[in-house]
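> Below is the structure, and that's it, no one-letter string:
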């Protein structure tokens, strides 16, 4: 895994930004940040890469993968531990379940940085082979795919928070450094290759 993490892959796979996030979290002076995570590939890879150095500093969707807990956990962690930075690492689908809670982050000026792994859908963008699709709705997008290039970082800016778009290692490092230093409500929209993830049960193929 360290061999994979050492590579700077652009367009981003899951490993490259996870390494950058890991290093940024480990570089925080003072109390370790509380890590919140949800998503499919995002949470799975994050469990292996994003290491914790202090107990009781990680919250995620758990064994049953309960999506939608991310922003609620971020808010609760920030209120319970106001001396710590809270870092939410979210898949775009997981983030979508509770994304409007960014308004709460801004309203209470909570020290929460939300990082969205944007790969265009559940496990990624529309990967169906057009030759396999027929019928009157064959031109419709797959129900597991989202609008390509969704500007999640602009959502928090609508309420007065700070948003960043990151598609390269330098852009992500800069966004993390600035947001971790500011400790203000932030969303970092990290663009991931829509083909980088692995599907569970080949959902796209079945749709």
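Ah, there it is. Since the model is a prediction, treat every value here as computed from it, not as a measurement. Numbers count the residues shown, from 1 in each chain.
> For the top helix by length along the chain, name the packing helices and strands.
In the chain, assigned by DSSP state H, the helix with the most residues is helix 169-182. Applying 3 or more CB pairs under 8 Å, 6 or more residues apart in numbering; DSSP states H and E, one finds that helix 169-182 makes contact with helix 15-26, strand 112-118, strand 162-166, strand 186-191. C-beta here means a position set from N, CA and C on the backbone, and glycine is covered the same way.
> Those: which one's closest to residue 147?
Among the helices and strands packed on helix 169-182, the nearest to residue 147 by CB to CB is strand 112-118 (10.3 Å).
> Distance from the chain centre to that closest one, please.
4 Å (CA atoms, centre = their mean, to the nearest Å).
> do stretch 60-68 as well
Its chain's C-alpha centre and that of stretch 60-68 lie 14 Å apart, by CA atoms, centre = their mean.
> swap in stretch 38-53?
Counting by CA atoms, centre = their mean, stretch 38-53 comes out at 10 Å from the chain centroid.
> ranking the helices and strands packed on helix 169-182 by burial, who's on top?
Neighbour counts (mean count of other CB atoms under 10 Å) averaged over each of those peak at strand 112-118, with a mean of 29.
> buried residues in the next helix or strand after that strand?
Using DSSP states H and E, the helix or strand that follows strand 112-118 in sequence is helix 152-157. Neighbour counts over helix 152-157 (16 or more other CB atoms under 10 Å) mark 152-153, 155-157 as buried.
> Which two among these are spaced furthest apart?
Spatial extent of these (CB to CB) is set by the pair 152 and 157 at 10.3 Å.
> Which neighbours do the two have in common?
Taking CB atoms under 8 Å, 6 or more residues apart in numbering as the contact rule, residue 152 and residue 157 both touch residue 163.
> which residues touch the closest residue to residue 85 other than its chain neighbours?
Nearest residue to residue 85, sequence neighbours excluded (CB to CB, 6 or more residues apart in numbering): residue 33, at 4.2 Å. Neighbouring residues of residue 33 by CB under 8 Å, 6+ apart: 25, 57, 84-87, 180.
> Same check on residue 141?
residue 126.
> Can you tell me the element residue 36 falls in?
Per DSSP H and E: residue 36 is located in strand 34-38.
> where's the closest residue to residue 111 other than its chain neighbours relative to residue 130, distance?
Closest residue in space to residue 111, ignoring its immediate chain neighbours: residue 183 at 4.0 Å, by CB to CB, 6+ apart. Residue 183 sits at a distance of 47 Å from residue 130 (criterion: CB to CB, to the nearest Å).
> Neighbour count for the two, which is higher?
Using other CB atoms under 10 Å, the more surrounded residue of residue 183 and residue 130 is residue 183, with 17 against 9.
> Would you check that the more buried one makes contact with residue 110?
No - taking contacts as CB atoms under 8 Å, residue 183 lies outside contact range of residue 110: 9.1 Å.
> low-confidence ranges in the protein?
Scanning the chain for pLDDT under 70 picks out 199-207.
> Roughly how far does residue 173 sit from residue 180?
Using CB to CB, residue 173 is found at 11 Å from residue 180.
> shared neighbours, the two?
Common neighbours of residue 173 and residue 180, using CB under 8 Å, 6+ apart, are residue 24.
> So for these two, which sits in the more crowded spot?
Between residue 173 and residue 180, counted using other CB under 10 Å, the more crowded position is residue 180 (19 against 16).
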